[in-house]
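A.B. asks: Mind looking at a prediction? Sequence and model below.
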Amino acid sequence: MSQTSESFFPSFKKEEFFPLLKSFAFFFFVLASWYALRPVRNEMAIQGGIFNLPYILLAIVIVMGLINPVYSWLVSKIKTSRIVIYCYSFFILNLIIFLLCWSFFGEVGRQWTGRAFYIWCNVYSFFVVSIFWVTVINYFSTSDAKRVFGVVSAGGSLGAFFGSTTARYFSTEICGKSSISDLGPISLIIFSISCLLIAILISRTLTSSNASNKEMNDNEIIGGTSLEAFKNTLKNIPVRFMALYILLWTGLSTAAWMISLTIIQDWSSDPCERTAFFAQIEQIVTPLTLIMQIFFTSYLLRTLGIIPILTLYGVFLLVAFGTYATYPTITAVLVLTVLIRVFEYAFNKPTRETIFTSLSKQDRYKSTVMMDTFVARTGDYLGGQSVTILTVFGLAIGSVAYAALPVAVLLSIVGYKAAKSAKI
């Protein structure tokens, strides 16, 4: 009995306890910062009159493409210990500027602030999370990552819950629609800034749990060029496969979400009922993800390895699209959305970060950020645009789901090849 228990629950070394605890708290405050901003983003989007999703996604892709070379250039020039300080301080300065614009501009100014803030928020959410993982993966070896990254991810889930709860405190919900007063955005932006400041302080105290890790040097300057991430994606086989994997996964996920939205619209025309349904999904996903991250992620990574996890995503999406094509019901949307989101947060994301620990520092600091930002958002755009184009040309939503099936199979194949190429 005890032997089974020891194999199921990971054992933590004494010297890695504080790095693990600090990583947990670091991720807690990073996601608390973002999840507090989500309702502000939605409110400013309404103020800005943004309704066309494909154009929004295209703008986000362009911004991501412009920012990545700037980020790579910065990383090439500064010490690794200062990356979090520089990048998070930049985002804090942005938040202060948006706060001033929102507070002192007139109605027209608020519309433009809303448009800019909606796009910026999508950039912000992926960069702060990606930079967190870039920092943390340097403090744990690949074998350590299989044991601890589930626990680290749980810190993010708790932070997301804390940030969402704080946002709800400052908002007033009316019949399924959230209306936030002027005090709401101001309070939540200040809260978000505070969380990022705490995250910066925690990141400054992180030290490697692996005393023999000779590569770890906080005073190291990575070097390279601003286009290193783009070049390495083409010439480095593991990076190339992971980039293609992320592109396919985000494209399919966005397509699945747009298809599910049409099913939800057909199910109910009542905004209150639809909002309650979305809330129900969140109520199931958050605790279930947390349970998986704490109790199952480490065990599955250590026993099954990365190949089955990366391969399974395509299988899940294959089932999802097949179900939406043949059985387009609200129950199917509920079950499949929960399944896919829990799998992503609890298993697939920690697995991808485990693979990233085996990459060179150039790729860890540059290529992984580009994949999590520019490549992922390109996948979003392509997935959303594909659904839009196919429906414009007269294909029913069930036919669109059928068209996605071969791409889901391709995702599993690429996932298998990405896992094999990582050699961990």
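C.D. replies: Structure received. Numbering: from 1, shown residues only.

A.B. asks: Now do the same contact list for the residue lying closest to Phe374 once chain neighbours are set aside.
C.D. replies: Closest residue to Phe374 apart from its sequence neighbours, by C-beta to C-beta, 6 or more residues apart in numbering: Met64 at 4.1 Å. (C-beta placed from N, C-alpha, C; glycine too.) Counting by C-beta atoms under 8 Å, 6 or more residues apart in numbering, Met64 makes contact with 123, 126, 373-374, 377-378.

A.B. asks: Grab the two from the residues you listed that are most spread out in space.
C.D. replies: By the measure C-beta to C-beta, the contacts of Met64 have their two most distant members at Val123 and Thr378, which lie 13.2 Å apart.

A.B. asks: Same question for the helix or strand harbouring the residue nearest to Phe374: list its buried residues.
C.D. replies: The secondary structure element spanning Met64 is helix 53-77 (assigned by DSSP states H and E). For helix 53-77, the neighbour count (16 or more other C-beta atoms under 10 Å) marks 53-54, 56-61, 63-65, 67-69, 71-73, 75-76 as buried.

A.B. asks: CA-only coordinates of whatever helix or strand comes next after it in PDB, if you can.
C.D. replies: Past helix 53-77, further along toward the C-terminus, the next helix or strand under DSSP H and E is helix 83-104. What follows is the C-alpha trace of helix 83-104 in PDB, where atoms were taken according to Å, rounded to 0.1, in the frame of the first residue of the first chain:
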ATOM      1  CA  ILE A  83      14.000  39.700 -17.800                       C
ATOM      2  CA  VAL A  84      10.900  39.500 -15.500                       C
ATOM      3  CA  ILE A  85      11.600  43.000 -14.100                       C
ATOM      4  CA  TYR A  86      11.900  44.700 -17.400                       C
ATOM      5  CA  CYS A  87       9.000  42.900 -19.100                       C
ATOM      6  CA  TYR A  88       6.600  43.100 -16.200                       C
ATOM      7  CA  SER A  89       7.500  46.700 -15.500                       C
ATOM      8  CA  PHE A  90       6.700  47.500 -19.100                       C
ATOM      9  CA  PHE A  91       3.200  46.000 -18.700                       C
ATOM     10  CA  ILE A  92       2.700  47.900 -15.400                       C
ATOM     11  CA  LEU A  93       3.500  51.100 -17.200                       C
ATOM     12  CA  ASN A  94       1.000  50.200 -19.900                       C
ATOM     13  CA  LEU A  95      -1.700  49.600 -17.300                       C
ATOM     14  CA  ILE A  96      -1.000  53.000 -15.700                       C
ATOM     15  CA  ILE A  97      -1.300  54.700 -19.200                       C
ATOM     16  CA  PHE A  98      -4.600  52.900 -19.800                       C
ATOM     17  CA  LEU A  99      -5.800  53.900 -16.400                       C
ATOM     18  CA  LEU A 100      -5.100  57.500 -17.100                       C
ATOM     19  CA  CYS A 101      -6.700  57.300 -20.500                       C
ATOM     20  CA  TRP A 102      -9.800  55.700 -19.100                       C
ATOM     21  CA  SER A 103     -10.100  58.200 -16.300                       C
ATOM     22  CA  PHE A 104      -9.500  61.500 -18.200                       C
END
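
A.B. asks: Give me the angle between helix 83-104 and helix 53-77.
C.D. replies: Here the directions of helix 83-104 and helix 53-77 differ by 140 degrees (axes from the mean of the first three to the mean of the last three C-alpha atoms, to 10 degrees).

A.B. asks: other SSEs contacting helix 83-104?
C.D. replies: Other elements packing on helix 83-104 under the criterion 3 or more C-beta pairs under 8 Å, 6 or more residues apart in numbering; DSSP states H and E are helix 53-77, helix 107-136, helix 183-204.

A.B. asks: contacting residues around it?
C.D. replies: 44, 71, 74-75, 78, 109-110, 113, 116-117, 120, 124, 127-128, 131-132, 134-135, 182, 185-186, 189-190, 192-193, 196-197, 199-200, 203-204, 365.

A.B. asks: how many other residues sit next to the residue lying closest to Phe161 once chain neighbours are set aside?
C.D. replies: Of all residues beyond its chain neighbours, the one nearest Phe161 is Thr286 (5.7 Å), with distances taken as C-beta to C-beta, 6+ apart. Burial of Thr286, expressed as a neighbour count using other C-beta atoms under 10 Å, amounts to 18.

A.B. asks: Check Ala279 too.
C.D. replies: As a burial measure, Ala279 scores 12 neighbours (other C-beta under 10 Å).
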